[in-house]
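*Asks:* Okay, predicted coordinates and the sequence, questions at the end:
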Amino acid sequence: MTRFEQFLRREGEDVAWHKRQEGSLDPETGDRAVTWTTETIRALVQSVSANEVLVEAGHTSQEYIRVFLTANIQHKDRLTWRDSDYEVQPPESQYFKGALEYRTALCRRLNA
């Protein structure tokens, strides 16, 4: 167990991870069917300041969080944290001595 995993166990929070899986093409629309599987993972969650993120039009920096975790999250997966749903932006992997240490990603709150 890495030092990050130890820290994650001690200081992390439970977050619901909704994994996005694309299925077959819909013959009527041509779009891929999307299904979701959910599991609970540990993550460190931080609010984001305005200078950390390029805020898209119509959004504010309060709608973003940054997560640090070891799960293999992917772009467009969803996380539920403190009763709010967030969409994962492209994640980044951090390595130490050639081994994966953790992943981090910005997540934008989904409007209800």
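*Replies:* On my side now, so go ahead.
*Asks:* Strands of this structure, residue ranges please.
*Replies:* For the chain, the strands defined by DSSP state E cover 13-25, 32-47, 64-69, 78-81, 84-88, 92-96, 99-109.
*Asks:* who are the neighbours in contact with the residue most central in space within the chain?
*Replies:* With distances taken as Cα atoms, centre = their mean, the residue of the chain nearest its centroid is Val88 (3.9 Å). Contacts for Val88 were tallied using Cβ atoms under 8 Å, 6 or more residues apart in numbering; they are 67, 73-79, 105, 107. Every C-beta, even on glycine, is put in place using the N, C-alpha and C of the backbone.
*Asks:* Could you rerun that using 7 Å?
*Replies:* 73-79, 105, 107 (Cβ atoms under 7 Å, 6 or more residues apart in numbering).
*Asks:* got it, and Thr40?
*Replies:* Residues in contact with Thr40, defined by Cβ under 7 Å, 6+ apart, are 14, 16.
*Asks:* same deal with Pro91?
*Replies:* 73-75, 103-105.
*Asks:* Name the nearest residue to it, sequence neighbours excluded.
*Replies:* With sequence-adjacent residues excluded and distances taken as Cβ to Cβ, 6 or more residues apart in numbering, Pro91 is closest to Ala105, at 3.8 Å.
*Asks:* Same check on Arg42?
*Replies:* Counting by Cβ to Cβ, 6+ apart, the residue nearest Arg42 is Gly12, at 3.8 Å.
*Asks:* Tell me how many other residues crowd that neighbour.
*Replies:* Gly12 has 19 neighbouring residues, counting by other Cβ atoms under 10 Å.
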